[in-house]
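Visitor: 3D model of this:
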Amino acid sequence: MSNRHRTPGEARRHHPGRLLADSVGRPAGLCLVAIAAFTAALAADSRPRARDLGVPFDGTPGPLNSITDVAGVEVGHSTIIRGEGKRVAGKGPIRTGVTAVLPRGRENSAEVFAAWFSLNGDGEMTGTTWLEDSGFLQGPVMITNTYSVGVVRDSVTAYCLARNRPKDDEYCWSLPVVAETWDGELNDIEGFHVKQEHVFAALDAARGGPVTEGSVGGGTGMICHDFKGGIGTSSRRIPEKLGGHTLGVLVQCNYGLGSRLRVAGAPVGLEIPSSGERVEDMGSIIIVVATDAPLLPHQLKRLVRRASLGLARNGSYSGEGSGDIFIAFSTANPGAAAPRGSVSLSMLPNDRLNPLFEATVQATEEAIINAMVAADTMVGADDKKVIALPHERLREALRKYNRLKE
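Guide: Alright, predicted model coming up:
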(Lines give C-alpha, C1' and ligand atoms only; values in the text may rest on other atoms or scores of the structure.)
Protein backbone atom coordinates (compact mmCIF):
# COMPACT_ATOMS: atom_id res chain seq x y z
CA MET A 1 0.00 0.00 0.00
CA SER A 2 1.50 3.29 -1.03
CA ASN A 3 1.73 6.56 0.83
CA ARG A 4 -0.09 9.40 -0.82
CA HIS A 5 1.97 12.29 0.47
CA ARG A 6 0.29 15.64 0.94
CA THR A 7 1.64 19.13 1.28
CA PRO A 8 0.17 21.02 4.25
CA GLY A 9 -1.75 23.28 1.87
CA GLU A 10 -3.76 20.37 0.52
CA ALA A 11 -5.16 19.78 4.02
CA ARG A 12 -6.13 16.17 3.38
CA ARG A 13 -5.06 13.01 5.15
CA HIS A 14 -2.19 10.83 4.21
CA HIS A 15 -2.60 7.09 4.65
CA PRO A 16 -0.39 4.17 5.75
CA GLY A 17 2.26 3.52 3.18
CA ARG A 18 3.32 0.90 0.71
CA LEU A 19 4.34 -2.21 2.53
CA LEU A 20 7.37 -2.92 0.38
CA ALA A 21 9.71 -5.77 1.28
CA ASP A 22 12.84 -3.68 0.90
CA SER A 23 15.71 -3.09 3.29
CA VAL A 24 14.86 0.46 4.31
CA GLY A 25 14.51 0.70 8.08
CA ARG A 26 14.33 -3.04 8.66
CA PRO A 27 15.72 -4.17 12.03
CA ALA A 28 18.46 -6.77 11.82
CA GLY A 29 17.28 -10.35 11.51
CA LEU A 30 13.76 -9.64 10.32
CA CYS A 31 14.46 -11.19 6.92
CA LEU A 32 14.77 -14.53 8.69
CA VAL A 33 11.55 -13.93 10.61
CA ALA A 34 9.66 -13.11 7.41
CA ILE A 35 11.10 -16.13 5.61
CA ALA A 36 10.12 -18.40 8.49
CA ALA A 37 6.61 -17.01 8.49
CA PHE A 38 6.31 -17.51 4.75
CA THR A 39 7.54 -21.09 5.05
CA ALA A 40 4.92 -21.73 7.73
CA ALA A 41 2.24 -20.32 5.47
CA LEU A 42 3.24 -22.65 2.66
CA ALA A 43 2.84 -25.57 5.01
CA ALA A 44 -0.47 -24.33 6.40
CA ASP A 45 -2.61 -26.34 3.98
CA SER A 46 -1.01 -29.60 5.19
CA ARG A 47 -2.60 -29.26 8.62
CA PRO A 48 -6.03 -30.84 9.16
CA ARG A 49 -8.88 -28.37 9.13
CA ALA A 50 -12.42 -28.76 10.40
CA ARG A 51 -13.76 -30.02 7.07
CA ASP A 52 -10.97 -32.60 6.93
CA LEU A 53 -12.33 -34.02 10.20
CA GLY A 54 -15.83 -34.34 8.77
CA VAL A 55 -17.45 -31.22 10.21
CA PRO A 56 -20.45 -30.53 7.90
CA PHE A 57 -20.50 -26.79 7.30
CA ASP A 58 -23.03 -25.06 5.07
CA GLY A 59 -22.01 -23.27 1.88
CA THR A 60 -19.28 -23.62 -0.73
CA PRO A 61 -15.80 -22.35 0.19
CA GLY A 62 -13.31 -20.82 -2.19
CA PRO A 63 -10.22 -22.77 -3.37
CA LEU A 64 -8.25 -22.05 -0.17
CA ASN A 65 -11.23 -21.71 2.18
CA SER A 66 -9.49 -18.57 3.40
CA ILE A 67 -9.85 -14.81 3.50
CA THR A 68 -7.11 -14.77 0.86
CA ASP A 69 -9.59 -16.23 -1.63
CA VAL A 70 -10.64 -12.59 -2.00
CA ALA A 71 -8.20 -11.44 -4.67
CA GLY A 72 -5.47 -9.13 -3.38
CA VAL A 73 -5.91 -9.84 0.33
CA GLU A 74 -2.69 -10.81 2.11
CA VAL A 75 -2.08 -12.06 5.67
CA GLY A 76 1.11 -12.14 7.72
CA HIS A 77 1.98 -13.28 11.25
CA SER A 78 4.76 -12.61 13.72
CA THR A 79 4.77 -15.14 16.58
CA ILE A 80 6.68 -14.81 19.86
CA ILE A 81 7.02 -17.96 21.99
CA ARG A 82 9.76 -17.89 24.56
CA GLY A 83 10.37 -19.20 28.09
CA GLU A 84 8.44 -21.44 30.47
CA GLY A 85 7.55 -21.79 34.13
CA LYS A 86 6.75 -19.10 36.66
CA ARG A 87 5.55 -15.74 35.39
CA VAL A 88 8.06 -12.93 35.90
CA ALA A 89 6.76 -9.60 34.64
CA GLY A 90 8.96 -8.33 31.85
CA LYS A 91 10.72 -11.64 31.33
CA GLY A 92 8.04 -14.16 30.41
CA PRO A 93 7.01 -16.76 29.61
CA ILE A 94 5.93 -15.15 26.33
CA ARG A 95 3.04 -16.44 24.20
CA THR A 96 1.94 -13.59 21.95
CA GLY A 97 2.36 -11.94 18.56
CA VAL A 98 0.88 -9.85 15.75
CA THR A 99 -1.30 -10.64 12.74
CA ALA A 100 -1.66 -8.32 9.74
CA VAL A 101 -4.47 -8.34 7.17
CA LEU A 102 -3.75 -6.23 4.09
CA PRO A 103 -6.88 -5.56 2.00
CA ARG A 104 -5.05 -5.00 -1.29
CA GLY A 105 -1.65 -6.41 -0.43
CA ARG A 106 1.63 -4.62 0.00
CA GLU A 107 1.85 -3.31 -3.55
CA ASN A 108 -1.52 -1.58 -3.94
CA SER A 109 -2.20 1.86 -2.50
CA ALA A 110 -5.96 2.08 -3.06
CA GLU A 111 -8.13 2.41 0.03
CA VAL A 112 -11.17 0.22 0.51
CA PHE A 113 -14.73 0.94 1.50
CA ALA A 114 -15.26 -0.41 5.01
CA ALA A 115 -17.47 -0.49 8.09
CA TRP A 116 -17.12 -1.75 11.64
CA PHE A 117 -19.46 -3.01 14.36
CA SER A 118 -19.17 -3.59 18.09
CA LEU A 119 -21.39 -6.41 19.34
CA ASN A 120 -19.96 -5.93 22.83
CA GLY A 121 -17.45 -3.19 23.46
CA ASP A 122 -15.18 -4.51 26.22
CA GLY A 123 -12.25 -4.28 23.82
CA GLU A 124 -10.49 -1.99 21.39
CA MET A 125 -10.21 -1.31 17.68
CA THR A 126 -8.39 1.91 16.86
CA GLY A 127 -8.96 4.03 13.78
CA THR A 128 -12.71 3.46 13.72
CA THR A 129 -13.73 7.10 14.26
CA TRP A 130 -12.38 8.15 10.87
CA LEU A 131 -13.45 4.88 9.28
CA GLU A 132 -17.02 5.59 10.41
CA ASP A 133 -17.00 9.15 9.09
CA SER A 134 -15.12 8.57 5.82
CA GLY A 135 -16.31 5.08 4.93
CA PHE A 136 -12.73 4.11 4.05
CA LEU A 137 -10.19 1.74 5.57
CA GLN A 138 -6.67 3.10 5.18
CA GLY A 139 -3.89 0.54 5.45
CA PRO A 140 -3.85 -2.86 7.14
CA VAL A 141 -5.97 -4.35 9.89
CA MET A 142 -3.62 -5.38 12.70
CA ILE A 143 -4.52 -7.79 15.53
CA THR A 144 -2.53 -8.33 18.72
CA ASN A 145 -2.92 -8.55 22.51
CA THR A 146 -4.65 -5.95 24.66
CA TYR A 147 -1.55 -4.24 26.06
CA SER A 148 0.21 -4.05 22.70
CA VAL A 149 -2.35 -1.99 20.77
CA GLY A 150 -0.35 1.22 21.23
CA VAL A 151 3.00 -0.09 20.04
CA VAL A 152 1.40 -1.83 17.07
CA ARG A 153 -0.44 1.34 16.10
CA ASP A 154 2.72 3.44 16.28
CA SER A 155 4.73 0.81 14.45
CA VAL A 156 2.37 0.75 11.46
CA THR A 157 3.03 4.47 11.01
CA ALA A 158 6.77 3.92 11.49
CA TYR A 159 6.65 1.18 8.85
CA CYS A 160 4.95 3.58 6.47
CA LEU A 161 7.67 6.17 7.03
CA ALA A 162 10.49 3.64 6.75
CA ARG A 163 9.23 2.22 3.47
CA ASN A 164 8.07 5.37 1.70
CA ARG A 165 9.16 8.48 3.57
CA PRO A 166 7.53 11.70 2.35
CA LYS A 167 9.48 14.54 0.81
CA ASP A 168 10.53 17.54 2.89
CA ASP A 169 7.44 19.56 1.92
CA GLU A 170 4.97 16.70 2.54
CA TYR A 171 3.63 14.94 5.60
CA CYS A 172 2.36 11.51 6.54
CA TRP A 173 -0.92 11.19 8.44
CA SER A 174 -1.78 7.70 9.59
CA LEU A 175 -4.72 6.42 11.64
CA PRO A 176 -4.06 2.65 11.75
CA VAL A 177 -6.73 0.09 12.59
CA VAL A 178 -5.46 -2.12 15.41
CA ALA A 179 -7.63 -4.58 17.36
CA GLU A 180 -6.95 -6.79 20.35
CA THR A 181 -7.92 -9.72 22.50
CA TRP A 182 -6.50 -10.63 25.93
CA ASP A 183 -3.78 -13.30 26.17
CA GLY A 184 -2.82 -12.65 29.81
CA GLU A 185 -3.64 -16.17 30.98
CA LEU A 186 -0.88 -17.79 28.94
CA ASN A 187 1.32 -14.79 28.20
CA ASP A 188 3.32 -12.38 30.35
CA ILE A 189 1.17 -9.59 28.97
CA GLU A 190 2.52 -7.06 31.47
CA GLY A 191 5.97 -7.51 29.95
CA PHE A 192 5.02 -5.61 26.76
CA HIS A 193 6.95 -8.06 24.62
CA VAL A 194 5.52 -7.01 21.24
CA LYS A 195 7.97 -4.54 19.71
CA GLN A 196 8.20 -2.57 16.49
CA GLU A 197 10.33 -5.29 14.93
CA HIS A 198 7.50 -7.82 15.36
CA VAL A 199 5.01 -5.52 13.65
CA PHE A 200 7.45 -4.99 10.78
CA ALA A 201 7.92 -8.77 10.55
CA ALA A 202 4.18 -9.45 10.33
CA LEU A 203 3.78 -6.86 7.58
CA ASP A 204 6.82 -8.11 5.68
CA ALA A 205 5.53 -11.69 5.93
CA ALA A 206 2.11 -10.86 4.48
CA ARG A 207 1.28 -13.02 1.46
CA GLY A 208 -1.69 -14.38 -0.41
CA GLY A 209 -2.25 -18.12 -0.51
CA PRO A 210 -2.80 -20.45 2.47
CA VAL A 211 -3.04 -18.77 5.87
CA THR A 212 -1.44 -20.38 8.90
CA GLU A 213 -4.07 -20.94 11.60
CA GLY A 214 -4.17 -21.75 15.29
CA SER A 215 -1.59 -20.57 17.82
CA VAL A 216 0.15 -18.05 15.58
CA GLY A 217 0.53 -14.28 15.32
CA GLY A 218 -1.91 -12.32 17.43
CA GLY A 219 -3.69 -15.57 18.27
CA THR A 220 -0.67 -17.24 19.87
CA GLY A 221 -1.85 -17.03 23.48
CA MET A 222 -5.62 -17.07 22.97
CA ILE A 223 -8.25 -19.40 24.45
CA CYS A 224 -11.64 -20.20 22.90
CA HIS A 225 -14.47 -22.02 24.67
CA ASP A 226 -11.88 -23.12 27.25
CA PHE A 227 -9.86 -24.89 24.54
CA LYS A 228 -6.83 -23.45 22.77
CA GLY A 229 -7.94 -20.76 20.33
CA GLY A 230 -6.18 -18.36 17.99
CA ILE A 231 -6.35 -17.44 14.31
CA GLY A 232 -8.80 -19.07 11.91
CA THR A 233 -10.13 -18.32 8.46
CA SER A 234 -12.74 -19.46 5.95
CA SER A 235 -14.41 -18.28 2.75
CA ARG A 236 -17.54 -18.66 0.68
CA ARG A 237 -18.09 -18.50 -3.05
CA ILE A 238 -21.43 -17.01 -4.10
CA PRO A 239 -22.98 -18.94 -7.04
CA GLU A 240 -22.60 -17.30 -10.43
CA LYS A 241 -26.35 -16.88 -10.80
CA LEU A 242 -26.30 -14.83 -7.59
CA GLY A 243 -23.29 -12.73 -8.51
CA GLY A 244 -20.27 -15.04 -8.36
CA HIS A 245 -18.60 -12.97 -5.64
CA THR A 246 -16.19 -14.21 -2.96
CA LEU A 247 -16.35 -13.46 0.75
CA GLY A 248 -13.71 -14.38 3.32
CA VAL A 249 -13.43 -14.17 7.10
CA LEU A 250 -10.46 -14.17 9.48
CA VAL A 251 -10.93 -14.37 13.25
CA GLN A 252 -8.81 -14.03 16.34
CA CYS A 253 -10.93 -16.02 18.81
CA ASN A 254 -10.50 -15.78 22.55
CA TYR A 255 -14.01 -16.03 23.98
CA GLY A 256 -16.60 -18.38 25.40
CA LEU A 257 -17.44 -21.13 27.84
CA GLY A 258 -16.41 -24.72 27.21
CA SER A 259 -19.84 -26.06 28.07
CA ARG A 260 -21.49 -23.78 25.50
CA LEU A 261 -19.37 -24.89 22.52
CA ARG A 262 -21.43 -26.10 19.60
CA VAL A 263 -19.95 -27.44 16.37
CA ALA A 264 -22.25 -27.84 13.36
CA GLY A 265 -25.18 -27.78 15.77
CA ALA A 266 -23.85 -30.52 18.05
CA PRO A 267 -23.32 -29.70 21.78
CA VAL A 268 -19.64 -30.64 21.65
CA GLY A 269 -18.88 -28.71 24.85
CA LEU A 270 -21.06 -31.12 26.82
CA GLU A 271 -19.26 -34.14 25.37
CA ILE A 272 -15.60 -33.14 25.67
CA PRO A 273 -14.07 -31.89 28.95
CA SER A 274 -12.10 -28.67 28.51
CA SER A 275 -9.82 -26.65 30.77
CA GLY A 276 -13.11 -25.52 32.31
CA GLU A 277 -11.88 -22.55 34.36
CA ARG A 278 -14.16 -19.85 32.98
CA VAL A 279 -17.55 -19.46 34.62
CA GLU A 280 -19.00 -16.94 32.16
CA ASP A 281 -18.69 -15.93 28.51
CA MET A 282 -15.68 -13.64 28.49
CA GLY A 283 -12.50 -13.09 26.52
CA SER A 284 -13.07 -11.41 23.13
CA ILE A 285 -13.10 -12.05 19.40
CA ILE A 286 -12.01 -9.92 16.46
CA ILE A 287 -13.63 -10.74 13.12
CA VAL A 288 -12.40 -9.40 9.76
CA VAL A 289 -14.73 -9.82 6.77
CA ALA A 290 -13.48 -9.24 3.21
CA THR A 291 -15.37 -9.38 -0.07
CA ASP A 292 -14.87 -8.48 -3.71
CA ALA A 293 -18.56 -7.60 -4.06
CA PRO A 294 -19.06 -3.90 -4.83
CA LEU A 295 -20.57 -2.77 -1.53
CA LEU A 296 -20.76 0.77 -0.18
CA PRO A 297 -20.04 1.55 3.49
CA HIS A 298 -23.68 1.46 4.59
CA GLN A 299 -24.04 -1.97 3.00
CA LEU A 300 -20.84 -3.17 4.65
CA LYS A 301 -22.26 -2.01 7.97
CA ARG A 302 -25.24 -4.29 7.41
CA LEU A 303 -22.94 -7.11 6.32
CA VAL A 304 -20.53 -6.92 9.24
CA ARG A 305 -23.36 -7.19 11.78
CA ARG A 306 -24.13 -10.67 10.41
CA ALA A 307 -20.84 -11.96 11.81
CA SER A 308 -22.66 -11.96 15.15
CA LEU A 309 -24.89 -14.78 13.94
CA GLY A 310 -21.93 -16.97 12.98
CA LEU A 311 -20.45 -16.36 16.42
CA ALA A 312 -23.73 -17.36 18.05
CA ARG A 313 -23.87 -20.61 16.08
CA ASN A 314 -20.78 -21.77 17.95
CA GLY A 315 -22.25 -21.05 21.36
CA SER A 316 -21.42 -17.44 22.23
CA TYR A 317 -23.94 -15.07 23.74
CA SER A 318 -21.39 -12.22 23.74
CA GLY A 319 -20.96 -11.87 27.47
CA GLU A 320 -20.53 -8.59 29.33
CA GLY A 321 -16.77 -9.05 29.68
CA SER A 322 -16.12 -9.89 26.03
CA GLY A 323 -14.84 -7.49 23.38
CA ASP A 324 -16.57 -8.67 20.22
CA ILE A 325 -15.59 -6.20 17.50
CA PHE A 326 -15.84 -6.73 13.76
CA ILE A 327 -14.70 -4.96 10.58
CA ALA A 328 -15.68 -5.56 6.94
CA PHE A 329 -14.23 -4.18 3.71
CA SER A 330 -14.80 -4.45 -0.03
CA THR A 331 -11.93 -4.62 -2.51
CA ALA A 332 -14.16 -3.36 -5.34
CA ASN A 333 -14.19 0.29 -6.52
CA PRO A 334 -10.39 0.80 -6.40
CA GLY A 335 -10.63 4.44 -7.52
CA ALA A 336 -13.20 5.48 -4.95
CA ALA A 337 -10.75 7.49 -2.82
CA ALA A 338 -9.42 9.65 -5.67
CA PRO A 339 -8.66 13.11 -4.18
CA ARG A 340 -9.94 15.15 -7.12
CA GLY A 341 -12.77 15.15 -9.61
CA SER A 342 -15.91 13.05 -9.52
CA VAL A 343 -15.84 9.31 -9.01
CA SER A 344 -18.02 6.67 -10.63
CA LEU A 345 -18.89 3.75 -8.36
CA SER A 346 -20.31 0.28 -8.77
CA MET A 347 -22.84 -0.88 -6.18
CA LEU A 348 -24.61 -4.17 -5.64
CA PRO A 349 -28.38 -3.63 -5.26
CA ASN A 350 -29.69 -4.15 -1.75
CA ASP A 351 -31.98 -6.88 -3.05
CA ARG A 352 -28.89 -8.96 -3.86
CA LEU A 353 -27.27 -8.82 -0.42
CA ASN A 354 -28.84 -11.95 1.08
CA PRO A 355 -26.26 -14.41 -0.32
CA LEU A 356 -23.48 -12.27 1.17
CA PHE A 357 -25.27 -12.06 4.52
CA GLU A 358 -25.54 -15.85 4.58
CA ALA A 359 -21.91 -16.26 3.51
CA THR A 360 -20.77 -14.04 6.37
CA VAL A 361 -22.60 -16.19 8.91
CA GLN A 362 -21.28 -19.43 7.45
CA ALA A 363 -17.66 -18.32 7.04
CA THR A 364 -17.53 -16.83 10.54
CA GLU A 365 -18.82 -20.06 12.06
CA GLU A 366 -16.26 -22.14 10.20
CA ALA A 367 -13.31 -19.78 10.74
CA ILE A 368 -13.70 -20.09 14.51
CA ILE A 369 -13.77 -23.89 14.43
CA ASN A 370 -10.79 -23.90 12.04
CA ALA A 371 -8.85 -21.86 14.59
CA MET A 372 -9.61 -24.38 17.33
CA VAL A 373 -8.87 -27.42 15.15
CA ALA A 374 -5.50 -25.97 14.08
CA ALA A 375 -4.37 -24.93 17.56
CA ASP A 376 -2.02 -27.08 19.61
CA THR A 377 -2.14 -27.66 23.36
CA MET A 378 -0.10 -24.90 24.99
CA VAL A 379 1.60 -24.52 28.37
CA GLY A 380 2.17 -20.89 29.23
CA ALA A 381 2.92 -18.62 32.17
CA ASP A 382 2.83 -20.25 35.59
CA ASP A 383 2.60 -23.59 33.80
CA LYS A 384 -1.01 -22.97 32.87
CA LYS A 385 -2.05 -25.61 30.36
CA VAL A 386 -4.81 -25.15 27.81
CA ILE A 387 -5.64 -28.23 25.80
CA ALA A 388 -6.38 -28.24 22.10
CA LEU A 389 -9.76 -29.44 20.89
CA PRO A 390 -9.12 -33.20 20.48
CA HIS A 391 -9.85 -34.21 16.90
CA GLU A 392 -11.04 -37.76 17.49
CA ARG A 393 -13.25 -36.75 20.40
CA LEU A 394 -14.74 -34.07 18.18
CA ARG A 395 -15.53 -36.67 15.53
CA GLU A 396 -17.09 -38.94 18.15
CA ALA A 397 -19.33 -36.16 19.41
CA LEU A 398 -20.44 -35.25 15.90
CA ARG A 399 -21.14 -38.90 15.14
CA LYS A 400 -23.23 -39.22 18.29
CA TYR A 401 -25.50 -36.40 17.12
CA ASN A 402 -25.54 -37.58 13.50
CA ARG A 403 -23.55 -34.57 12.36
CA LEU A 404 -20.33 -36.23 11.17
CA LYS A 405 -19.68 -36.15 7.45
CA GLU A 406 -17.93 -39.46 6.83
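Visitor: Would you mind giving the secondary structure of the residue lying closest to T220 once chain neighbours are set aside?
Guide: Across the structure, with C-beta to C-beta, 6 or more residues apart in numbering as the measure, the residue nearest T220 apart from its sequence neighbours is G97 (4.4 Å). No exception for glycine: its C-beta is placed from N, CA and C like everyone else's. Classification of G97 into helix, strand or coil gives strand, according to DSSP: H, G, I helix; E, B strand; the rest coil.
Visitor: okay, now G97: neighbour count?
Guide: Counted with other C-beta atoms under 10 Å, the neighbours of G97 add up to 30.
Visitor: now K301
Guide: Neighbouring residues of K301 were enumerated by other C-beta under 10 Å; the total is 17.
Visitor: A114 is in contact with that one, correct?
Guide: No - using C-beta atoms under 8 Å, K301 is not in contact with A114, being 9.3 Å away.
Visitor: joint contacts of those two?
Guide: Common contact partners of K301 and A114 (C-beta atoms under 8 Å, 6 or more residues apart in numbering): A328.
Visitor: Report pLDDT for G25.
Guide: G25 is assigned a predicted lDDT (pLDDT) of 32.
Visitor: Looking at strand pairing, list the partners for the residue nearest to T220.
Guide: For G97, the residues forming beta bridges with it (DSSP bridges) are T79.
Visitor: ditto for G214
Guide: Per DSSP bridges, residues listed as beta-bridge partners of G214: I231.
Visitor: Report the contact partners of the residue nearest to T220.
Guide: Listed by C-beta under 8 Å, 6+ apart, the contact set of G97 reads 77-80, 144, 194, 198, 202, 216-220.
Visitor: Distance of it relative to A388?
Guide: Counting by C-beta to C-beta, to the nearest Å, the gap from G97 to A388 is 18 Å.
Visitor: same thing with G244?
Guide: Computed as C-beta to C-beta, the G244 to A388 distance reads 37 Å.
Visitor: Mind checking which of these two has more residues around it?
Guide: Summary of the neighbour comparison: G244 and A388, criterion other C-beta under 10 Å, with A388 having more neighbours (18 against 11).
Visitor: check which helix or strand covers the more buried one.
Guide: Here A388, judged by DSSP states H and E, is contained in no helix and no strand.
Visitor: Can you verify my assumption that it contacts V379?
Guide: No - with contacts counted by C-beta under 8 Å, A388 stays clear of V379, the gap being 11.7 Å.
Visitor: Do a quick rundown of the strands in the stretch 51-200 of the chain.
Guide: Remark: strands of the stretch 51-200 of the chain, listed N- to C-terminal, are 74-82, 94-102, 112-121, 136-137, 141-145, 177-181; assignment by DSSP state E, counting those that start in this stretch.
Visitor: Let me fix that, I meant to ask about the stretch 251-400 of the chain.
Guide: In the stretch 251-400 of the chain, the segments counted as strands under DSSP E, counting those that start in this stretch are 285-291, 323-330, 378-379, 385-386.
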